[in-house]
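# Sequence first, predicted model second:
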Amino acid sequence: MEALAALETHLRERVNDIKERKNKGAKVVGFVPGFTPEELIYASGAIPLGLLEGGDSSAIAASSAYMTRFVDTFCRAQVGYYMSGEHPLYQLPDLVVIPSADDNFRALIDVLVQVGNIEVFRLGIPHERTDIAVDFYVEMIGLLKKKLEGLVGTPIEDNKLQEAIELYNQMRKSLNDLGQTRQSPRPVLTGKEYARINHASYVGDVKTVTEICNSLINEVKGKEGRDSKPRVLLVASTLAMNDYKVHDILEEAGASVVFEETCEGTRQCWEEVKPEGDLLSALGDKYIRRRTPPPPFFHPPEGRYEFLIEKARDYKVDGIVWYELLYRESYETELFYFSRKLEKDLGIPLVVLQSEYDLSETATFRTRIEAFVESIKGRK
């Protein structure tokens with residue numbers, strides 16, 4: 001597809017493009033996706049750059065000199081990418097924003113502050129959706145706003161933030177519309193292709209990615225794939241950029257990922273920012289109060305199970321792959337309850353995969369996924 005080729009070209013050129021803009025005085029703000037309001041970074045005039053690379057065992061090995069192994073796989077990988085100096089994206093930021101969502105991310109922040117030559121903004125994240133929690137988040141992004149203004153040397157005007165909100169709302173809508181094409185009985189777009197453009201939305205230019213996404217919608221709309229395949233919902237604690245081994249194995253086994261829900265790595269497109277009144281409060285409303293679905297560490301996680309069950313029905317999935325990174329305890333706890341509700345409400349199979357980005361785990365994943373897909377085919 002032409003749009004996917006254009007996407008890969010954009011991603012290949014992105015590092016050099018950012019370097020050229022930095023040489024002309026632009027600032028780069030890296031961030032871990034999920035809770036960071038990219039609109040605020042964009043409105044400041046800085047370049048937002050999502051840092052969500054993963055799947056690389058060498059990054060895990062590089063992190064071992066700086067932190068304990070009993071930390072979430074993704075967070076250890078981030079330390080490896082920063083400290084090795086080998087990944088070009090991680091050498092670009094002038095400031096890095098990391099949500100302090102749980103102990104794993106707090107460990108990541110502490111290591112980078114102590115041993116990395118990196119300026120880190122610690123974005124505190126509440127674990128509820130109450131008014132007090134939203135107020136806390138709004139206070140935190142108010143501090144982030146001041147930090148960004150100091151970095152770029154100019155204030156963030158409301159009209160610039162309004163424009164940024166509209167741009168990101170357009171991108172969310174395009175990604176959501178593209179994702180919904182996979183409700184087709186024989187979707188043209190694969191799960192890996194959708195994950196790729198989703199990841200590109202964090203790294204690429206927002207206008208360019210939106211244009212590519214709209215072009216891709218036009219390419220696949222109204223078309224059908226060749227074969228009817230078992231349909232899979234992928235739930236993951238983190239789906240990092242280039243961590244596509246689960247997608248690859250599923251597709252090789254003859255299955256198709258038609259919907260995914262991940263804490264980091266999949267943009268939440270189901271709700272847009274409502275640019276009304278105080279714009280920081282509007283961001284708090286989107287990122288905390290109306291967060292759909294809430295992450296498993298929110299208490300109580302109202303609507304989370306219901307959302308997953310609803311999407312499983314809407315996309316007519318035949319099974320669920322639960323892809324969990326090692327030491328992400330909130331997902332391990334949630335799995336115990338979700339598997340029971342899944343059996344009660346849907347009666348479809350679930351396979352659990354735990355990853356440490358280890359090369360040796362691929363063979364085990366392949367065996368389990370192939371057996372899982374065969375069981376689905378047998379049920380059909």
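Right, received. Where do you want to start?
# what's the burial count for residue 109?
22 (other CB atoms under 10 Å). Just so you know, the C-beta spots here come from the backbone N, C-alpha and C atoms, and that holds for glycine as well.
# how near is it to residue 102?
Residue 109 is 11 Å from residue 102, where distance means CB to CB, to the nearest Å.
# Stretch 223-242: end-to-end distance?
Here the two ends of stretch 223-242 are set 27 Å apart, with distance taken as CA to CA, to the nearest Å.
# Ignore what I typed, I meant stretch 228-246.
One end of stretch 228-246 sits 19 Å from the other (CA to CA).
# Off-centre distance for it?
Averaging C-alpha positions (CA atoms, centre = their mean, to the nearest Å) puts stretch 228-246 12 Å from its chain's average.
# Which residues in that stretch does the neighbour count mark as buried?
Buried residues in stretch 228-246, counted by 16 or more other CB atoms under 10 Å: 229-241, 243-246.
# Go through these and flag which are in strands.
Of the positions in the buried residues of stretch 228-246, 231, 232, 233, 234, 235, 236, 237, 238 sit in strands, assigned by DSSP state E.
# For the fourth one, which residues are in contact?
Taking CB atoms under 8 Å, 6 or more residues apart in numbering as the contact definition, residue 234 lies against 191, 246, 247, 257, 259, 260, 261, 262, 320, 321, 323.
# List the beta-bridge partners for it.
Applying DSSP bridges to residue 234 gives these bridge partners: residue 260, residue 321.
# sorry, back to before: as TSV, the ones in strands among the buried residues of stretch 228-246 with pLDDT would be great.
Below are these laid out as TSV (pLDDT from 0 to 100):
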residue	pLDDT
231	97
232	97
233	97
234	97
235	95
236	94
237	92
238	95
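# Go through these and say which is closest to residue 53.
Relative to residue 53, the closest of those is residue 238; by CB to CB it sits at 11.0 Å.
# what bridges to the closest one?
Listed by DSSP bridges, the beta-bridge partners for residue 238 are residue 264.
# Could you verify my assumption that residue 1 touches residue 220?
Yes. Judged on CB atoms under 8 Å, residue 1 makes contact with residue 220 at a distance of 7.5 Å.
# Neighbour count: these two, which is higher?
Neighbours of residue 1 and residue 220, each counted by other CB under 10 Å, are more numerous for residue 220; the result is 19 against 13.
# The more buried one and residue 20: what is the separation?
33 Å.
# again, but for residue 136
The gap separating residue 136 from residue 20 is 38 Å, by CB to CB.
# These two: which is more packed in?
residue 136 (16 against 10).
# Secondary structure element holding the more buried one?
Using DSSP states H and E, residue 136 sits within helix 131-152.
# for stretch 14-26, which positions count as buried?
In stretch 14-26, counting by 16+ other CB under 10 Å, buried: 14, 15, 18.
# Tell me which entries of the residues you listed lie within helices.
Among the buried residues of stretch 14-26, the ones falling in helices (DSSP state H) are 14, 15, 18.
# From what I see, the last one and residue 92 are in contact.
Yes. Using CB under 8 Å, residue 18 is in contact with residue 92, at 5.6 Å.
# Would you map the helices across the chain?
Along the chain, the segments classed as helices by DSSP H run 2-23, 38-44, 57-63, 73-84, 103-115, 131-152, 158-180, 191-203, 206-220, 245-252, 279-284, 304-314, 329-345, 361-379.
# what's next to the fifth one, contact-wise?
Outside of helix 103-115, the residues that reach it under the criterion CB under 8 Å, 6+ apart are 32, 66-68, 71-72, 74-75, 78-79, 82-83, 96, 98-100, 118, 120, 122, 327-328.
# Please point out which parts of it sit buried.
Neighbour-count burial for helix 103-115 flags 104, 105, 107, 108, 109, 111, 112 (criterion: 16+ other CB under 10 Å).
# Only alpha carbons, please: show it as PDB.
Extracted C-alpha coordinates of helix 103-115, given in PDB (Å, rounded to 0.1, in the frame of the first residue of the first chain):
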ATOM      1  CA  ASP A 103       7.200   1.800  40.900                       C
ATOM      2  CA  ASN A 104       8.600   0.700  37.500                       C
ATOM      3  CA  PHE A 105       8.500   4.200  36.100                       C
ATOM      4  CA  ARG A 106       9.700   5.800  39.300                       C
ATOM      5  CA  ALA A 107      12.800   3.500  39.100                       C
ATOM      6  CA  LEU A 108      13.300   4.600  35.500                       C
ATOM      7  CA  ILE A 109      13.200   8.200  36.500                       C
ATOM      8  CA  ASP A 110      15.500   7.800  39.500                       C
ATOM      9  CA  VAL A 111      18.200   6.000  37.400                       C
ATOM     10  CA  LEU A 112      18.100   8.600  34.600                       C
ATOM     11  CA  VAL A 113      18.300  11.400  37.100                       C
ATOM     12  CA  GLN A 114      21.200   9.800  39.100                       C
ATOM     13  CA  VAL A 115      23.400   8.500  36.400                       C
END
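# Next, the angle helix 73-84 makes with it.
If you take axes from the mean of the first three to the mean of the last three CA atoms, to 10 degrees, helix 103-115 sits at 10 degrees to helix 73-84.
# I'd like the average pLDDT over helix 103-115.
What helix 103-115 shows for mean pLDDT is 94.
# Now do it against helix 329-345, angle only.
Interaxial angle, helix 103-115 versus helix 329-345 (the same axes, to 10 degrees): 160 degrees.
# Give me the angle between helix 103-115 and strand 231-238.
Taking the same axes, to 10 degrees, one finds that helix 103-115 is oriented at 40 degrees with respect to strand 231-238.
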